[in-house]
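Asks: with the input below, show me the fold.
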Amino acid sequence: MKRLLHCRAAVNPVLVWLILIMMLSGLLVGYNYMVFRNEQLSKANQMPPVKEVPGFELRDQEGNTVKREDFIGDLWVANFIFTRCPGPCSLLSQQMLKLQETLPSEVKLASFTVDPEFDTPPVLEDYAEAHGAESGRWFFLTGDQELMKHIIVKGFQVAVGKNDEAIAETAGLFVHSTHLVLVDRNGMIRRYYEGTDERAVAQLKRDIKFLQEKNDPS
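Replies: Presented below is the predicted three-dimensional model:
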């Protein structure tokens, strides 16, 4: 009996409380992570489709025919540039290169030219090589001028226009949207991101990750 009492007295109550506190802290951390995770997935669920990308049949930088159907089944990011651009196009292409380097290989990229009369496949091929584009993953697309305008303005619902300012370097060239557009596996636009804003691009990456983890078919 005395030995039993001695054993009980040997238990350090401070140690017991420390163990309990550590266990409770672990449970709390796990619970908070679960709540955070559910909140982030909920945000992904709040990306309802905006509209469907219209069908198209264009040529890429290698002269190959590329259709909207070629992107079905993959998440992809679109942007809008032209090779003679004296403004933000180089920055936008650098952002796309970063996406190519950091996103999973199954995520495709598509740069639609707003200057198709000048940006022929050979011109786009030189531009693609200069910006490190991966063949078969990052497509630079061109076609008939009216068709390109329809796809970009009516399809993606972004602005494109001629610059009529009397400035030698830019007169007659184009002003256009600097947005990146996230398109889901069914060819539905999900969200727009300002391509010159690092925070917006970071959000784009997070949204892609969530849609991939959800394996979202919509």
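
Asks: any low-confidence regions in the protein?
Replies: 1-12, 15-16, 25-46, 160-174, 215-218 (pLDDT under 70).

Asks: where along it do the strands fall?
Replies: 51-52, 57-59, 65-67, 76-81, 108-113, 138-141, 160-162, 174-176, 179-183, 188-194 (DSSP state E).

Asks: wait, which of these is closest to residue 120?
Replies: strand 57-59 (8.5 Å; CB to CB). Bear in mind the C-beta positions are built from the backbone N, C-alpha and C, glycine included.

Asks: rewinding a little: quick one: which of the strands of the chain is nearest residue 17?
Replies: That would be strand 188-194 among the strands of the chain, by CB to CB, at 48.7 Å.

Asks: at which residues are the helices of this protein located?
Replies: 2-10, 13-45, 89-102, 121-130, 145-149, 198-214 (DSSP state H).

Asks: now the strands of the chain as a markdown table including mean neighbour count and distance to residue 131?
Replies: Shown next, in a markdown table, are the strands of the chain (neighbours: other CB atoms under 10 Å; distance: least, CB to CB, whole Å):
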| stretch | mean neighbour count | distance to residue 131 |
| --- | --- | --- |
| strand 51-52 | 12 | 28 |
| strand 57-59 | 18 | 18 |
| strand 65-67 | 14 | 18 |
| strand 76-81 | 25 | 9 |
| strand 108-113 | 25 | 9 |
| strand 138-141 | 24 | 9 |
| strand 160-162 | 14 | 20 |
| strand 174-176 | 21 | 17 |
| strand 179-183 | 23 | 15 |
| strand 188-194 | 18 | 19 |
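
Asks: and those strands as TSV, adding distance to residue 21?
Replies: Shown next, in TSV, are those (distance: least, CB to CB, whole Å):
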stretch	distance to residue 21
strand 51-52	53
strand 57-59	62
strand 65-67	60
strand 76-81	46
strand 108-113	49
strand 138-141	52
strand 160-162	61
strand 174-176	58
strand 179-183	44
strand 188-194	43
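
Asks: the ones you listed: which one's closest to residue 97?
Replies: strand 138-141 (8.2 Å).

Asks: I'd say residue 203 and residue 195 touch.
Replies: No - at 11.8 Å, residue 203 and residue 195 do not qualify as touching, with contact defined as CB atoms under 8 Å.

Asks: more neighbours, these two?
Replies: Set residue 203 next to residue 195 and count neighbours by other CB atoms under 10 Å: residue 195 wins out with 27 against 16.

Asks: for the more buried one, grab phi and psi.
Replies: phi -70, psi -20 (degrees, to the nearest 10).

Asks: work out the gap between stretch 184-201 and the centre of the chain.
Replies: A distance of 5 Å separates the centroid of the chain from that of stretch 184-201, by CA atoms, centre = their mean, to the nearest Å.

Asks: residues making contact with it?
Replies: The contact list for stretch 184-201 (CB atoms under 8 Å, 6 or more residues apart in numbering) reads 47, 49-53, 68, 71-75, 79, 88, 91-92, 95, 98-99, 156-158, 178-183, 203-204, 207, 211, 216-218.
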